[in-house]
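>>> Please find the sequence and the predicted model below.
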Amino acid sequence: MKELNLLHVVLIYLAVINVVTFFMFGIDKWKAKKSKWRIRETALLGLAVLGGSIGAWLGMKVWHHKTQHKKFRYGVPLILIAQIALFLFCSCRTASLPASPSSQIEQSNISQVADKIWAFSQSHPNGFTLDLRTMTEPTKGIAVSYAATQNSHSRNQLDKLVNHAFQNNGYVGGWYNKDNGLYYFDSTRLFPEDSLQAAIRFGKENGQQSVYVISSSTEIPIMQVLDQRSLATEGTQELSPNVFLVMYDAEIGKDSLLKAIEDYKCEIKYDYSIINGMALKKPDNRTLEETMQYFKKVKGVTNVEYDHVYRLTDPVKPKLELK
C-alpha cells in the first residue's frame, strides 16, 4: 500500500512539473515576442532536469521556442533519454527485489486470508497446495513442508502459518488425516520438478517423511529416494564417473529417450517408478560430459544431472545386528 501511495505521488509530481514546464516555455516565447523580461535559460533547463523534460521538449515543438539553441536542441532530448533510462533501471530493480512481507499483504488481512484457506480446505478433502499471492493452485512443482508450521490443524493456528508463508515461499499446503479426522496445514516451499535432489535435501533438513510432486499427484518417500542413506556424506560431493540421471516430461513420454539410449549404446541402471527419471551408464568409448550433453538435447528430457555419492542406483545395505 505504501508503495502504491508513493507511486501516485511521483506520477502526480511528474504530471505537474511537465505541465508547468510546457507553459513556462510558452510564456517565455510570448515575452520574447513582446520584448519583455525573459525567463532565464538555466531556469528552463532546470525544470527539465527536475522531471519536466517531456514538457520542455513539447514546449520547444509546440511554441517553436529555443529550437536553434544548441543547449536546448541537444540538451533537452539528452535529459529526456537519461530520465527514461533511469526510470526503466529503477523499474527493473524494483521488480527484481523480493517483496517484503508488509508489501505482500497487510498484517490486518492475514486473518482474512486464513479464513479463505480454511473455507478452501472444506471443499478440498483430498488436499491442496495454494499460492497465496494469487489464491490459485499451481499445476507443477515439488511441494515440501516447513518444519516450523507442522501439526497446524485448527483455525486458530492458521494466522501464524499464513504469516510464515508470506515471509518465506508464499505457499500453503493442506491434507486431511482420515485416522484422526483432522485437516493439517503447512507453510510450503515449492521446487521445480527437475530439482528433486534439492527438494529431498530440504525435506530432510525439515524432518519431512516425503515430498509431493504436484503434476503427477505423487508422494515420494524421502528415505526411498535416498536409498536409506544419510545426507551427512553429501559434503564430499563425490560424483559417479560413469552413471548420470535423466529426468523426462511424463506428458511427452520416454519413447524418444529410450531410442536415444539404444542409439547411444547406454545402459539403463534403473528406471524409477516413483519419479519420471532413469539412471543411465555411459558407453565405455564416451566421456560422461559428452554423454550428458547428448541427452540434454533429446526430446522430452527436462533435466540431466550427475549421480552423487548418495546415488539412487546404490543397493540398500542391510543393517547388521550385534548380539
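Thanks, I have it.

>>> does residue 77 really touch residue 57, like I thought?
Yes: with contact defined as Cβ atoms under 8 Å, residue 77 reaches residue 57; the gap is 6.6 Å. (Each C-beta comes from the backbone N, C-alpha and C, glycine too.)

>>> who has more neighbours, these two?
residue 57 (20 against 15; other Cβ atoms under 10 Å).

>>> any idea how far the more buried one is from residue 32?
19 Å (Cβ to Cβ, to the nearest Å).

>>> just residue 9 next, same as before
Residue 9 is 35 Å from residue 32, where distance means Cβ to Cβ.

>>> Between these two, which has more neighbouring residues?
Neighbour comparison, residue 9 and residue 32: the larger count goes to residue 32, with 14 against 10 (by other Cβ under 10 Å).

>>> how near is the closest residue in space to that one that isn't next to it in sequence to residue 48?
Spatial nearest neighbour of residue 32, excluding adjacent residues (Cβ to Cβ, 6 or more residues apart in numbering): residue 38 at 6.4 Å. As judged by Cβ to Cβ, residue 38 and residue 48 stand 17 Å apart.

>>> before we move on, what about residue 260?
For residue 260 relative to residue 48 (Cβ to Cβ), the value is 62 Å.

>>> what pLDDT does residue 8 get?
Per-residue confidence (pLDDT) for residue 8: 84.

>>> List phi and psi for it.
Backbone torsions for residue 8, taken as degrees, to the nearest 10, come to phi -60, psi -40.

>>> Residue 15 versus that one, what's the distance?
Distance from residue 8 to residue 15, by Cβ to Cβ: 11 Å.

>>> Neighbour count for these two, which is higher?
Regarding residue 8 and residue 15, a neighbour count based on other Cβ under 10 Å identifies residue 15 as having more, with 13 against 10.

>>> Is that one located within a helix, as I assumed?
Yes: judged by DSSP: H, G, I helix; E, B strand; the rest coil, residue 15 forms part of a helix.
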